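Engineer: everything below, folded, please.
(2 chains)
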2 protein chains.
Amino acid sequence: MININELISGILSQNTLDIAKAISIVENSTIESHSLLSKIYQYTGKAHRIGITGPPGSGKSTLTDCLIKSFTDLGKSVAIIGIDPSSPFTDGAFLGDRIRMMKHFENPNVFIRSMATRGSLGGLANKSREVADIFDASGYDVIIFETVGVGQIELDVMNATDSILVVLVPESGDDIQMMKSGLMEIADLFVINKADRDGTNKLFIALNQVLSLRNNNAEWFPLIQKTIATKNEGIKELTEEICNHFNIISNSGELSHKSEKRYSHLTHQLISQKQKIEFWDEKKKNELTEQLKMPITERKSPYQLSDEMYNK
Amino acid sequence: MININELISGILSQNTLDIAKAISIVENSTIESHSLLSKIYQYTGKAHRIGITGPPGSGKSTLTDCLIKSFTDLGKSVAIIGIDPSSPFTDGAFLGDRIRMMKHFENPNVFIRSMATRGSLGGLANKSREVADIFDASGYDVIIFETVGVGQIELDVMNATDSILVVLVPESGDDIQMMKSGLMEIADLFVINKADRDGTNKLFIALNQVLSLRNNNAEWFPLIQKTIATKNEGIKELTEEICNHFNIISNSGELSHKSEKRYSHLTHQLISQKQKIEFWDEKKKNELTEQLKMPITERKSPYQLSDEMYNK
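Structural biologist: Below you'll find the model as predicted:
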């Protein structure tokens, strides 16, 4: 039996073992999970949450590596959440990249955690946000979400952060179209990594064109930073821009606004879960199964069935 | 005021104007929408729903073009739903492709409809499924969902079909990793289009490797078909394979199983919508707003708030 209050004291005093224990509780959705998350909530809201995404091969991990170093050099503690929504049989590369980060394991100011899909994809973005809450409560200054991103999970993860970095390489020029699904609209900073390669300027111009078409209502206009992560070039500038973005959104109220949206979204989600569990008792499940036994021509339509079940 | 029963007679007798009217009702979520969809449900379940997806530039539209022709040559009527989840300012290419299909507009056995995002992305997959129900009820033999696919919407659309085609080009070899998010697992047929280019065999081998690792429980093992859509090469074979897939899943019960899953999913979704609308009255919305006015340190956690609101 876990003593939640002891565990929380441990988290608040940045005890590594207690943090790891809390992450396991959240990852495994044990019964204590919501109670723990509820109790630490009031201690959250201080960390700077940074999302890093981009196509495979763009050098996200090397860049994250560089950023860990430059943030710790500034005296900040850094937690990294590596999110891998890939299917079980194709995730080799990502875990390989993780090993390169091992050198940071010696540093008490750095905590690295990888999260992979177990079963359904749906929960992964939620769980990484919950893990971030633990890091936040325990006082980490910077929390980096790094995702080999494709699709809705990537957007969900990025929407749970304060500053969104999209990492591209010069060859990505043709892939800007691939990014239609919303990334172009939400990025705060674009990184052109491997910027010593051909195509860098072409991509720079293309990105600028896309950005000029974007609805920019705010104080912040997305920047494009060139880097060569393997040589640590452009990292200092990038770190400054990231910090600058955080300061600007802190002062403008945008940061509070983002955090309020997350609060509201989570409350809605939790209510829906409760309603679902209560509604779908054995009797209702059987009613649905009965319909499925009939041919379509004799079934009630899903619209009629849901009306009848709901109004009973 | 629309007379729903007249409209339904029109749909069932494949009156093009009535079909277009019904699609508008669904697209605009007018008050008649659910009543219409409920009443046509019993007439659905006869069409073969085919999903076509793949990266930009893989030639999906040209291929769809070819398939329209080969299906109509077999005496089948074909409806096409082009789904474009892109942001407003980057969708030029897709609509351009549509124009190439104009030649089919003269053919009464072909109905083409493009759907773009209006506001939220969430509803697009749902709406395209609803439009497909209209086509299905009106007797179209084949319904093709074509999507410039990235992310969760793509998966949602594909999951609403019976046969899933993923179109690649020889250059896609390096991008197989990009497709981690689930496509590799759900494809029934892979098409290597532009198969006169370098890299075709390399991609063929790579795909075979990935497929050999896949959990194949079923009677159907995914095929890989090479095509050159611009020269109509490989299309006849592809059409036969698509029809063959439909026959096999019809006989094995897999087709009914898919349709039952959709029925169940939709019923769950409709119930959740009703619950959400009923729960979030003005009073509850205000309770949430009150919490947001306080600093995080004084707020109830979202877990506590949702517990209290739900149990009231």
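
Engineer: leaving out chain neighbours, which residue sits closest to A:T227?
Structural biologist: A:G234 (3.5 Å; CB to CB, 6 or more residues apart in numbering or on different chains). Using the backbone N, CA and C atoms, a C-beta is placed for each residue, glycine as well.

Engineer: list the contacts for that neighbour?
Structural biologist: A:G234 makes contact with A:195, A:225-228, according to CB atoms under 8 Å, 6 or more residues apart in numbering or on different chains.

Engineer: how about A:K69?
Structural biologist: A:I235.

Engineer: mind checking how far it is from chain B?
Structural biologist: Distance, A:K69 to chain B, using CB to the nearest CB, to the nearest Å: 27 Å.

Engineer: what's the answer for A:A20, then?
Structural biologist: Distance from A:A20 to chain B, by CB to the nearest CB: 22 Å.

Engineer: quick one: contacts for that residue?
Structural biologist: No contacts exist for A:A20 under CB under 8 Å, 6+ apart.

Engineer: that one: helix or strand, and which one exactly?
Structural biologist: helix A:16-27 (DSSP states H and E).

Engineer: what do you get for A:I2?
Structural biologist: Using DSSP H and E, A:I2 falls outside every helix and strand.

Engineer: quick check: it touching A:S35?
Structural biologist: No: using CB atoms under 8 Å, A:I2 is not in contact with A:S35, being 9.9 Å away.

Engineer: wasn't A:Y303 part of a helix?
Structural biologist: Yes: secondary structure of A:Y303 (DSSP: H, G, I helix; E, B strand; the rest coil): part of a helix.

Engineer: surely it touches B:L36?
Structural biologist: No: using CB under 8 Å, A:Y303 is not in contact with B:L36, being 9.4 Å away.

Engineer: who has more neighbours, these two?
Structural biologist: Comparing A:Y303 with B:L36 by other CB atoms under 10 Å in any protein chain shown, the one with more neighbours is B:L36, at 24 against 19.

Engineer: now the more buried one: how far from B:V210?
Structural biologist: Relative to B:V210, B:L36 is positioned 42 Å away (CB to CB, to the nearest Å).

Engineer: same question for A:N232.
Structural biologist: 36 Å.

Engineer: how about A:D307?
Structural biologist: 44 Å.

Engineer: how much space separates A:G234 from B:E254?
Structural biologist: 52 Å.

Engineer: same deal with A:I8?
Structural biologist: From A:I8 to B:E254 the distance is 50 Å (CB to CB).

Engineer: those two: which is more packed in?
Structural biologist: Remark: of A:I8 and B:E254, A:I8 carries more neighbours, 19 against 16, as counted by other CB under 10 Å.

Engineer: list the contacts of the closest residue in space to the more buried one that isn't next to it in sequence.
Structural biologist: Closest residue to A:I8 apart from its sequence neighbours, by CB to CB, 6+ apart: A:K39 at 5.7 Å. A:K39 makes contacts with A:4-5, A:8, B:301, as judged by CB under 8 Å, 6+ apart.

Engineer: need the max-distance pair from these.
Structural biologist: The span of the contacts of A:K39, defined through CB to CB, is set by A:N5 and B:S301 at 15.2 Å.

Engineer: looking at those two, which is more packed in?
Structural biologist: B:S301 (23 against 9).

Engineer: in contact with the more buried one: list those residues for me.
Structural biologist: Taking CB under 8 Å, 6+ apart as the test, what B:S301 contacts is A:37-39, A:41-42.

Engineer: just the buried members of these?
Structural biologist: Among the contacts of B:S301, those classed as buried by 16 or more other CB atoms under 10 Å in any protein chain shown are A:37-39, A:41.

Engineer: mind putting those residues into CSV with pLDDT and secondary structure?
Structural biologist: Below are those laid out as CSV (pLDDT from 0 to 100; DSSP: H, G, I helix; E, B strand; the rest coil):
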residue, pLDDT, secondary structure
A:L37, 97, helix
A:S38, 97, helix
A:K39, 96, helix
A:Y41, 97, helix
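
Engineer: and which of these is nearest B:F145?
Structural biologist: So of these, ranked by how close each gets to B:F145 (CB to CB), first place is A:L37, at 39.0 Å.

Engineer: my read is that the closest one contacts A:D133, right?
Structural biologist: Yes: if you go by CB under 8 Å, A:L37 and A:D133 touch, sitting 6.1 Å apart.

Engineer: in the stretch 101-250 of chain A, which ranges drop under the pLDDT threshold?
Structural biologist: Within the stretch 101-250 of chain A, the segments meeting pLDDT under 70 span A:101-106, A:117-122, A:148-152, A:173-182, A:215-218.

Engineer: quick one: name the residues of the stretch 201-312 of chain A near chain B.
Structural biologist: Within the stretch 201-312 of chain A, the positions near chain B by CB under 8 Å from any CB of the partner chain are A:210, A:213-214, A:259-260, A:263-264, A:266-268, A:270-272, A:274-276, A:279-280, A:288, A:291-292, A:296-299, A:301-306, A:309-310.

Engineer: narrow the residues you listed to those in helices?
Structural biologist: A:210, A:213, A:259-260, A:263-264, A:266-268, A:270-272, A:274-276, A:279, A:288, A:291-292, A:302-306, A:309-310 (DSSP state H).

Engineer: out of the residues you listed, which end up buried?
Structural biologist: So, of these, A:210, A:259-260, A:263-264, A:266-268, A:270-271, A:274-275, A:288, A:291, A:302-306, A:309 end up buried under the neighbour-count rule (16+ other CB under 10 Å).

Engineer: and the strands in the stretch 151-300 of chain A?
Structural biologist: Here the stretch 151-300 of chain A has its strands, by DSSP state E, counting those that start in this stretch, at A:163-168, A:189-192, A:223-226.

Engineer: now for those, which one comes closest to A:A125?
Structural biologist: Closest among the strands of the stretch 151-300 of chain A, using CB to CB: strand A:163-168, at 13.8 Å.

Engineer: go through that closest one and flag the buried ones.
Structural biologist: A:163-168.

Engineer: does any part of that strand sit near chain B?
Structural biologist: No: judged by CB under 8 Å from any CB, strand A:163-168 and chain B are separated, with a smallest distance of 13.6 Å.

Engineer: partners of that strand in the sheet?
Structural biologist: strand A:48-53 (parallel), strand A:189-192 (parallel) (DSSP bridges).

Engineer: and B:V26, which of the ones you listed is closest to it?
Structural biologist: Closest among those, using CB to CB: strand A:48-53, at 33.8 Å.

Engineer: excluding chain neighbours, what is closest to A:R262?
Structural biologist: According to CB to CB, 6+ apart, the nearest residue to A:R262 is A:A160 (6.4 Å).

Engineer: domain ranges for chain A?
Structural biologist: With domains defined by automatic domain parsing, chain A comprises A:1-43, A:46-252, A:280-311.

Engineer: in JSON lines: those domains, plus distance to B:G51.
Structural biologist: Below are the domains of chain A laid out as JSON lines (distance: least, CB to CB, whole Å):
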{"stretch": "domain A:1-43", "distance to B:G51": "32"}
{"stretch": "domain A:46-252", "distance to B:G51": "16"}
{"stretch": "domain A:280-311", "distance to B:G51": "20"}
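
Engineer: so A:S128 makes contact with A:G82?
Structural biologist: No: with contact defined as CB under 8 Å, A:S128 does not count as touching A:G82 (9.2 Å).
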